[in-house]
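Colleague: pasting the sequence and the predicted model now:
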Amino acid sequence: FNGELDIGGKHKITDGEHRFPALSAEDIIVHSSNVGISLISWRLSGKEFHDGLVKFGLSKPSGIDLSRDFPGSIRSIPQLNQKIYRANSSYGYGLMASFIQLVKAYTAFDNDGIIPTPHMIDFLEDSEGKKYKLANQNQKTKVISSKTALQMKNILIKTVENGTGAQAKTAGIIVGGKTGTAKMISSGQYTQNSFRTSFIGFANDEYGHKYTIGVLVINPNRPFPYYYASATAVPTTKKIIDMLIILNYLKPNKSAITLKQADQNTTLTEVDN
């Protein structure tokens, strides 16, 4: 389809400046193809698509211990039976979700298919020092199989290694994630020059430390094409990972760092010659 898909009438889906004559299912995610993910969504029925979103926690409160935990909304099954709604929902338009809902959903890919309930605090304590645990503190839900979670995890790692999340790469740390760039809404209409960009993923070391990280940038004041998530949210994620390393929450694999330095030295030597 070469980055463009006609879905009838005046409706057309495009991949912007990133256009490919063909992509595998894996590379559709790696290279953030709206056309490709739309074609995948068409392989599902409206009910299958709807139930999958609900299973991952969309259209339901996240359970976080904050006063404003909105459920958001997704299109109805009859609407999702129509190709146009299934397509635009597949790349994030036509639905409403809080950022914590999205971060919560992504935890499944780095957690064996299990989604935990997010919390801001561990416990409440009264003036006498008595501690009270919150209800449903350790609630977890298995949403996909371990095999599927591992497949998705590897795709998200590839997205950082070779795709739109490349600027989050960190020597000695396993990093994966997915970019998102969407137009903002004003007076019920999508704007042409205001965007929200995001990157959601994970950073792990080989010592069992694992973190799900989400970065949201609202209306980055940068010219085309530098407002995309790859140039805004992803570099911010890299800074967060670097800070986790500085604070010893993540410990890089020293052999990987040494190997990268060796590669850089070799490249410099070749250039000098």
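Modeller: Ah, there it is.
Colleague: low-confidence stretches in the chain?
Modeller: Scanning the chain for pLDDT under 70 picks out the ranges 1-2, 8-9, 16-17, 136, 256-273.
Colleague: and stretch 71-79, how far from the chain's centre?
Modeller: 20 Å (CA atoms, centre = their mean, to the nearest Å).
Colleague: same deal with stretch 185-192?
Modeller: Counting by CA atoms, centre = their mean, stretch 185-192 comes out at 23 Å from the chain centroid.
Colleague: who touches that stretch?
Modeller: Tyr93, Lys183, Met184, Ser194 (CB atoms under 8 Å, 6 or more residues apart in numbering). Heads up, the C-betas are built off the backbone N, CA and C, glycines and all.
Colleague: compute the first-to-last residue distance for that stretch.
Modeller: Using CA to CA, to the nearest Å, the gap from the first to the last residue of stretch 185-192 comes to 9 Å.
Colleague: list the buried residues of stretch 101-118.
Modeller: 101-111, 113, 115-118 (16 or more other CB atoms under 10 Å).
Colleague: closest to Pro223 out of those residues?
Modeller: Using CB to CB, Leu102 comes nearest to Pro223 of the buried residues of stretch 101-118, at 26.8 Å.
Colleague: isn't the closest one up against Gly201?
Modeller: No: using CB atoms under 8 Å, Leu102 is not in contact with Gly201, being 11.1 Å away.
Colleague: would CSV of the contacts of stretch 185-192 with distance to Lys83, secondary structure and neighbour count be doable?
Modeller: Formatted as CSV, these follow (distance: CB to CB, whole Å; DSSP: H, G, I helix; E, B strand; the rest coil; neighbours: other CB atoms under 10 Å):
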residue, distance to Lys83, secondary structure, neighbour count
Tyr93, 14, coil, 13
Lys183, 21, strand, 14
Met184, 25, strand, 14
Ser194, 28, strand, 15
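Colleague: can I get those residues in CSV with distance to Ile77?
Modeller: Output for the contacts of stretch 185-192, formatted as CSV (distance: CB to CB, whole Å):
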residue, distance to Ile77
Tyr93, 18
Lys183, 26
Met184, 28
Ser194, 32
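Colleague: looking at the residues you listed, which is nearest Ile64?
Modeller: Closest to Ile64, out of all of the contacts of stretch 185-192 and judged by CB to CB, is Met184, at 23.5 Å.
Colleague: for Leu216, see how far away that closest one is.
Modeller: 12 Å (CB to CB, to the nearest Å).
Colleague: which residues are common contacts for the two?
Modeller: By the contact definition CB under 8 Å, 6+ apart, Met184 and Leu216 are jointly contacted by Arg196.
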